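fold the following for me, if possible:
(2 chains)
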Amino acid sequence: MTQQFIFAFIGTLSFCVLFKAPKGEIIFCGLTGALAWLLYCVLINKFSAFVSVFISVVSVGVLSKILSVRRKMPLTVFIIAGIMPFAPGGVIYNSIYMLIMGDTAASLAKAIETIKTACTISIALVVVLAIPNNIFKPFKT
Amino acid sequence: MSPKEAVKICVFAGEIMLTNGAETYRVEDTMRRILNNLDYASDTFVVPSGIFVSTVGGGGEVVSLIRRVRARSNNLEKVALINQFSRDLAGEKINFKTAYEKLESIDKKQTYAYITRVIASGAAVGSFAFMFGGGPLEAIGSLIIGVAVFCLTHLLKSRSAPNMIINMLAGAAIALSALIIANMKIGISLDVMIIASLMPYVPGLVLTNAVRDIFEEDFLSGLSRLAEAILISLSLAVGVGSCLKMWIYIFGGLLL
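Sure, this is the predicted structure:
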């Protein structure tokens, strides 16, 4: 578990460098991603993948709102970092790969999984971003 | 500031945001805020490929400006800086020249050095290999592939090759090097290495943002991003697929 946390931290942090996040913020970006991934690893033992992703992304949203108020940064910087480990990049690639390899049924299954994951993440973000901002005022410096 | 100058500032700021990977609704919001802070009512309309602004000046003259946006990349720092710029405009009497110079300095801002990004791309795919259930061997393999392919795509981008060709070549290079590494030692998982090394190129975030745009009822940009996501993964899959097939034809199997 510790190993997963450390590698999620390094992975998210490095991705933020590739996305050119502001230099002062990449540590916090890495922490957002790593904490969300840790939560996902705990939840996946008990719940389905979609429930785990949903709860993890909600926590990403809350954490990002707190950080963006505290660090006076746009929300996206932390949101992108946090959902990086969950973004359905691998599945969409797999889906198209199977399509061009001629396995239409598997491709369709993967495509539906992709859409489900993307929708789960988006619904979680819509829900969490609807929380009014003044709840997070106490975190202001 | 005259309405013409205000619109110019607003469109320049919007262009910087859009070319550096900000979501369309955020660009619209920021541009509206900039014009409001300069005391002009405005209508802004942004799609992933262009910006439209129109405002009415004090004398009743209508000013509008359209900007076509082509190249797009990711630079969160510039997005954050423009955001800050738009907030700073409130209550501040700024003239056109200083505002324009400020925007130009943001636009030209250098962030991470090339070597930092090379190391980051290696570290990113290395740790993602671990997260996808690979062991140390897969992680080291992906790290090598990640660094090599990042250098390749960077070279191609600086020669302004078309995006689709870049993605196809990136896919082919990843598949080829993963095959070579997997054949050096029995038991290294080819799939984990390929998926982990593809992570910087697959459009996971693009797709998520597309669905988010659609949920925000911004259908136009949502659908165009969806098309972008499909195109990117298609070109990656063509690259990987043709390389794997060719390997099977030449060597008669995956030798695993």
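
where do the helices of the chain begin and end?
Unless you meant another one, I'm taking chain A. Here chain A has its helices, by DSSP state H, at A:2-18, A:26-43, A:49-71, A:75-83, A:89-100, A:104-129.

oops, I was thinking of chain B
Under DSSP H, chain B gives helices at B:3-19, B:24-37, B:76-88, B:96-107, B:114-131, B:136-158, B:163-184, B:190-198, B:204-215, B:219-251.

dump these into TSV; add mean pLDDT and mean neighbour count as well.
Every C-beta, even on glycine, is put in place using the N, C-alpha and C of the backbone. Converted to TSV, the helices of chain B look like this (pLDDT from 0 to 100; neighbours: other CB atoms under 10 Å in any protein chain shown):
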stretch	mean pLDDT	mean neighbour count
helix B:3-19	90	22
helix B:24-37	88	21
helix B:76-88	88	21
helix B:96-107	88	15
helix B:114-131	90	22
helix B:136-158	91	19
helix B:163-184	91	20
helix B:190-198	88	26
helix B:204-215	87	24
helix B:219-251	89	18
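
hang on, isn't A:L31 packed against A:I6?
No. Counting by CB atoms under 8 Å, A:L31 sits too far from A:I6 to count as a contact (11.7 Å).

ok, these two, which is more surrounded?
Shown here are A:L31 and A:I6; by other CB atoms under 10 Å in any protein chain shown, A:L31 has more neighbours (20 against 13).

next one, pLDDT for the closest residue to the more buried one other than its chain neighbours please.
Nearest non-adjacent residue to A:L31, counting by CB to CB, 6 or more residues apart in numbering or on different chains: A:F9, 6.8 Å away. Looking at A:F9, its pLDDT reads 92.

just A:G24 next, same as before
87.

list the contacts of it.
For A:G24, the contact set (CB atoms under 8 Å, 6 or more residues apart in numbering or on different chains) comprises A:R71.

what separates B:Y100 from chain A, distance-wise?
22 Å (CB to the nearest CB, to the nearest Å).

how about B:S105?
Counting by CB to the nearest CB - B:S105 and chain A are separated by 15 Å.

separation between that residue and B:R212?
31 Å (CB to CB, to the nearest Å).

show me what contacts residue 128?
Since you didn't name a chain, this refers to chain A. By CB under 8 Å, 6+ apart, the contact list for A:V128 reads A:V57, A:V58, A:V60, A:G61, A:V62, A:K65.

hmm, no, I was thinking of chain B.
Applying CB under 8 Å, 6+ apart, we find B:F128 in contact with A:F7, A:G11, B:S142, B:A196, B:M199.

now with 7 Å?
Neighbouring residues of B:F128 by CB atoms under 7 Å, 6 or more residues apart in numbering or on different chains: A:G11, B:A196, B:M199.

wait, the second one touches B:F130, no?
No. With contacts defined as CB atoms under 7 Å, B:A196 does not count as touching B:F130, sitting 8.4 Å away.

chain B contacts on chain A?
A:4, A:7-8, A:10-11, A:14-15, A:17-22, A:37, A:73-74, A:76-77, A:80, A:83, A:85, A:87-90, A:92-93, A:96-97, A:100-101, A:118-119, A:121-122, A:125-126 (CB under 7 Å from any CB of the partner chain).

what's the burial count for A:L125?
Using other CB under 10 Å, A:L125 has 25 other residues around it.

just A:G102 next, same as before
By other CB under 10 Å, the residues close to A:G102 number 8.

quick one: pLDDT of the residue lying farthest from the centre of chain B?
In chain B, the greatest distance from the average C-alpha position (CA atoms, centre = their mean) is reached by B:G59, at 40.6 Å. Listed pLDDT for B:G59 reads 79.

the residue nearest the centre of chain A: what's it in contact with?
Central residue of chain A (CA atoms, centre = their mean): A:I83, 1.5 Å from the mean position. A:I83 makes contact with A:V57, A:V60, A:I121, B:T208 under the criterion CB under 7 Å, 6+ apart.

near chain A, which residues of the stretch 51-200 of chain B are found?
Residues of the stretch 51-200 of chain B lying close to chain A (CB under 7 Å from any CB) are B:74-77, B:79-80, B:83, B:111-112, B:116-117, B:120-121, B:123-124, B:127-128, B:130-131, B:195, B:198-200.

low-confidence stretches in chain A?
For chain A, no stretch is flagged by pLDDT under 70.

hmm, what's the outermost residue in it?
Distance to centre of chain A, CA atoms, centre = their mean, peaks at A:G102 (31.3 Å).

how about B:S221: what's its closest non-neighbour residue?
Nearest non-adjacent residue to B:S221 (CB to CB, 6+ apart): B:T24, at 4.3 Å.

tell me the spacing between B:A90 and B:L35.
12 Å.

domain parsing for chain B?
Per automatic domain parsing, the structural domains of chain B span B:3-107, B:114-251.

need these in JSON lines (columns: distance to A:S107).
JSON lines is the format used below for these (distance: least, CB to CB, whole Å):
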{"stretch": "domain B:3-107", "distance to A:S107": "26"}
{"stretch": "domain B:114-251", "distance to A:S107": "10"}
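
so for A:I131, which of these sits nearest?
When these are compared by CB to CB, domain B:114-251 sits nearest A:I131, at 15.9 Å.
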